[in-house]
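Trainee: Kindly generate the corresponding structure for this input.
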Amino acid sequence: MQTLIVMVKEPRPGRVKTRLGRDIGPTAAAWWFRHQTRQLLRRVADPRWQVILAVAPDRAGLQSRVWPAQIPRWPQGRGDLGQRMGRVLAGAPPGPACVIGADIPGIRAHHIARAFAALGRNDAVFGPAPDGGYWLVGLKRNTSAPRSLFRDVRWSSEHALADTIAGLPGRRIALVDTLRDVDTARDLPMTTPRARDT
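Mentor: Numbering: from 1, shown residues only. I've put the predicted structure just below:
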């Protein structure tokens, strides 16, 4: 079974997309994230893989009425981004698993399909972002991930992808499509509707 895990936060003003919120206001940023995530979940739904939401905060995310009820949810748990991604990857059902963020407007099902196809010939796959980070990480999971994975990664920097790859010594690694995530107002697609912050 192939598993696609989507990392989401409850879309509360001031708690999600805070850098974007500094540009367009916290309410507008939370509104954008909520609607962006719903659109993304529709676009990546595909019978070739199971979609799972990794939610934060744990209790609020598990009880939330914001996200589609038919999609299984797991708590992200505590720790930095790497610890949380490592936890959900380790907890996935047997078979290849990929993790993505919900703030990448360009993701389509064919991008996910390419990532899973790359895991047929490789141990790990990354979807690079133009800023040096990445929008997708996937593991074949035929062996356990090394403890060094996600360790000493300089998150939210131009070194995030290189640091993560360094934590996979001796593994076959593939890179797939480069897609942009949304951190600030400059990253928003021109067609994205923006809610007025009140």
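Trainee: And the helices in the chain, which stretches?
Mentor: 18-24, 26-44, 58-63, 81-90, 109-118, 160-166 (DSSP state H).
Trainee: Please render those as CSV that adds mean neighbour count, distance to Arg73 and mean pLDDT to the earlier fields.
Mentor: Every C-beta, even on glycine, is put in place using the N, C-alpha and C of the backbone. Converted to CSV, those look like this (neighbours: other Cβ atoms under 10 Å; distance: least, Cβ to Cβ, whole Å; pLDDT from 0 to 100):
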stretch, mean neighbour count, distance to Arg73, mean pLDDT
helix 18-24, 17, 23, 94
helix 26-44, 19, 12, 96
helix 58-63, 14, 6, 95
helix 81-90, 18, 11, 95
helix 109-118, 18, 19, 98
helix 160-166, 18, 25, 97
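Trainee: which stretch among these comes nearest Val176?
Mentor: With Cβ to Cβ as the criterion, Val176 lies closest to helix 109-118 of the helices of the chain, at 5.0 Å.
Trainee: so what does the closest one touch, helix or strand wise?
Mentor: helix 26-44, strand 97-101, strand 124-128, strand 134-139 (3 or more Cβ pairs under 8 Å, 6 or more residues apart in numbering; DSSP states H and E).
Trainee: Tabulate those (a markdown table), appending distance to His159.
Mentor: Shown next, in a markdown table, are the helices and strands packed on helix 109-118 (distance: least, Cβ to Cβ, whole Å):
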| stretch | distance to His159 |
| --- | --- |
| helix 26-44 | 25 |
| strand 97-101 | 18 |
| strand 124-128 | 13 |
| strand 134-139 | 11 |
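Trainee: And those: which comes nearest Ile165?
Mentor: strand 124-128 (7.1 Å).
Trainee: Quick one: mean pLDDT for the closest one?
Mentor: In this model, strand 124-128 carries a mean pLDDT of 98.
Trainee: and it, how far from the chain's centre?
Mentor: In this view, strand 124-128 has its centroid 12 Å away from the chain centroid, taken as Cα atoms, centre = their mean, to the nearest Å.
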